[in-house]
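Q: Everything below, folded, please.
(one chain, ligands or ions: 1)
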Amino acid sequence: MFLQIETDRLRLRLPQEADAEAIVAVNNHRAVFDMTVGMPFPFTLADAHEWIALVLAEARRGTTMDFVIELKATGEIVGICGLDAISREHDSAEVHYRLNPAFWGQGIATEALRRVLRFAFEDLQLERVLGRCIRGNDASAQVLQKCGLKYEGCTIHDCKKNGVYHDLLWFGIIRAWWLAE
Ligand SMILES: CC(C)(COP(=O)(O)OP(=O)(O)OC[C@H]1O[C@@H](n2cnc3c(N)ncnc32)[C@H](O)[C@@H]1OP(=O)(O)O)[C@@H](O)C(=O)NCCC(=O)NCCS
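A: Okay, here's the model as predicted:
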């Protein structure tokens with residue numbers, strides 16, 4: 001399956017086996033693990049291969065669409081951004097993204113997420129996109145709001161990491177708001 005979308009600086013495409021080491025470099029950081037749910041830490045090469053197989057299988061099923069983020073200038077993989085929980089029943093999905101910390105603070109997540117939202121609304125013709133982050137992840141909340149998602153509320157102790165419960169902040173955008181942007 002081949003799928004690729006672009007922005008000024010970035011190329012977003014489905015992962016391939018050869019990306020495994022770069023995917024470890026994105027995920028294997030305490031600072032990334034602490035702000036995300038559902039990925040192990042440490043994140044090993046075996047985890048990366050398992051993740052790639054899962055992403056490709058789910059892309060074929062149409063349930064998730066996970067892109068690696070590549071810098072056009074260098075071809076380097078700097079992060080991951082995509083959609084999961086894609087529901088054709090409700091025309092909805094959830095966004096997620098993570099970057100190798102070496103590339104934080106350059107507007108890359110915002111640029112990638114804007115493009116993924118365009119993919120969601122134009123290509124997949126979705127009606128609603130959800131974004132959630134752990135309370136305290138101010139950079140992520142900022143990225144979501146810069147991309148037009150609006151704060152919807154908070155679920156208390158929604159996830160547990162290392163024995164600690166965390167609240168999740170919910171943000172959403174619907175098609176009409178995206179078209180108006
Ligand atoms: C969240 C993450 C993807 C942001 O990536 P990024 O490319 O640095 O984000 P951007 O540069 O596009 O935008 C970050 C914004 O947050 C702001 N920001 C960064 N740290 C912040 C903080 N501690 N408090 C408040 N705002 C903060 C930046 O100033 C910027 O906003 P601005 O453009 O209005 O100044 C990155 O920090 C990351 O990978 N974190 C770990 C994984 C994660 O949290 N994923 C999201 C799970 S919901």
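
Q: alpha carbons only for contacts and neighbour counts from here, please
A: Fine.

Q: which parts of the protein sit against the ligand?
A: 32, 35-36, 96-99, 104-110, 132-133, 138-140, 142-143 (CA under 6 Å from any ligand atom).

Q: Report the buried members of those.
A: Taking 16 or more other CA atoms under 10 Å as the criterion, what is buried in the residues of the chain next to the ligand is 32, 36, 96-99, 108-110, 132-133, 140, 143.

Q: So which of those residues belong to helices?
A: Judged by DSSP state H, those include Val32, Ile108, Ala109, Thr110, Ser140, Val143 as members of helices.

Q: wait, doesn't the first one sit right on Ala102?
A: Spelled out, it's Val32. No: using CA atoms under 8 Å, Val32 makes no contact with Ala102, being 11.3 Å away.

Q: the strands in the protein, which residues?
A: 4-6, 10-13, 65-71, 77-87, 92-99, 128-134, 150-161, 164-174 (DSSP state E).

Q: Contact partners for the nearest residue to Gln16 once chain neighbours are set aside?
A: Leaving aside its chain neighbours, Gln16 sits nearest to Ile52 (6.6 Å; criterion: CA to CA, 6 or more residues apart in numbering). The contact partners of Ile52, taken as CA atoms under 8 Å, 6 or more residues apart in numbering, are Pro15, Gln16, Glu17, Ala20.

Q: Just the buried subset of the residues you listed, written out for PyMOL, thanks.
A: With 16+ other CA under 10 Å as the criterion, this PyMOL line picks the buried residues out of those:
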select buried, resi 15+20
